[in-house]
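Undergrad: pasting the sequence and the predicted coordinates here, then a few questions.
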Amino acid sequence: MKKTYSIIFKESAGNPLLSLRELWTETETYEFFEGDIQQRYLDIRNNELREDKLYDGHIIINNPEGVTASLIKGITEINKLTPRNIFFNGVLHHGVDSLCTVDDAIVYCSSWVLPIILHNHRVGNSLYGELSAKRIDINRLQVYRMDISTNIDLSVIE
């Protein structure tokens with residue numbers, strides 16, 4: 001069965017968006033959305049309802065610098081989504097709750113968690129706090145480190 005992912009760019013991505021078009025394979029499809037993230041969420045929900053499907057994952061890119069097709073491919077292959085987890089570019093778990101933070105330059109989540117992220121501005125809680133309150137498992141993205149000259153996987157970076 002073919003997997004479908006959405007890639008949401010907070011701002012117009014221009015050239016990086018064109019270079020990511022090489023992601024499509026026989027087993028995976030990527031749909032791109034650009035602009036206001038709240039409006040794109042409505043587009044995503046309409047697609048899910050109209051086509052009677054649920055995306056296998058959503059990648060939100062708030063900072064497109066350094067985003068490549070191989071990075072996106074690594075994110076979807078290594079990080080296993082469930083309805084109760086989310087992956088961020090960086091996570092700081094601290095003993096003091098007010099010091100816990102997430103780096104949302106790149107976010108990878110399921111369709112179940114996406115509304116919590118997008119509606120976080122309506123609550124007085126930090127994003128980390130809101131996800132914890134909903135008992136969502138907060139993780140750091142794992143990605144491949146590739147040797148650029150040979151394209152051979154050297155290791156998995158945590």
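TA: Nice, thanks for sending it over. Bear in mind the structure is a predicted one, so any value in this text is a computation, not a measurement. Residues are numbered from 1 along each chain as shown.
Undergrad: pLDDT below threshold where in the chain?
TA: Low-confidence segments of the chain (pLDDT under 70): 12-26, 144-158.
Undergrad: so where do the helices sit in it?
TA: Applying DSSP state H to the chain gives helices spanning 15-19, 37-50, 69-78, 114-118, 127-133.
Undergrad: how about residues contacting the longest one?
TA: Going back to what we said before, that points to helix 37-50. For helix 37-50, contacts defined as Cβ atoms under 8 Å, 6 or more residues apart in numbering pick out 6, 8, 10, 31, 33-34, 53-55, 58, 60, 111, 114-115, 118. Every C-beta, even on glycine, is put in place using the N, C-alpha and C of the backbone.
Undergrad: out of these, what pair is the most spread apart?
TA: Farthest apart among the contacts of helix 37-50 by Cβ to Cβ are Lys10 and Lys53. That separation is 23.8 Å.
Undergrad: quick one, which of these two is more surrounded?
TA: Shown here are Lys10 and Lys53; by other Cβ atoms under 10 Å, Lys10 has more neighbours (18 against 11).
Undergrad: gap between the closest residue to the more buried one other than its chain neighbours and His93?
TA: For Lys10, ignoring the flanking residues on the chain, the nearest one in space by Cβ to Cβ, 6 or more residues apart in numbering is Asn62 at 4.8 Å. Shown here: Asn62 relative to His93, a distance of 21 Å by Cβ to Cβ, to the nearest Å.
Undergrad: of the two, which one has the most company?
TA: Set side by side, Asn62 and His93 show more neighbours around Asn62, with 15 against 12, by other Cβ under 10 Å.
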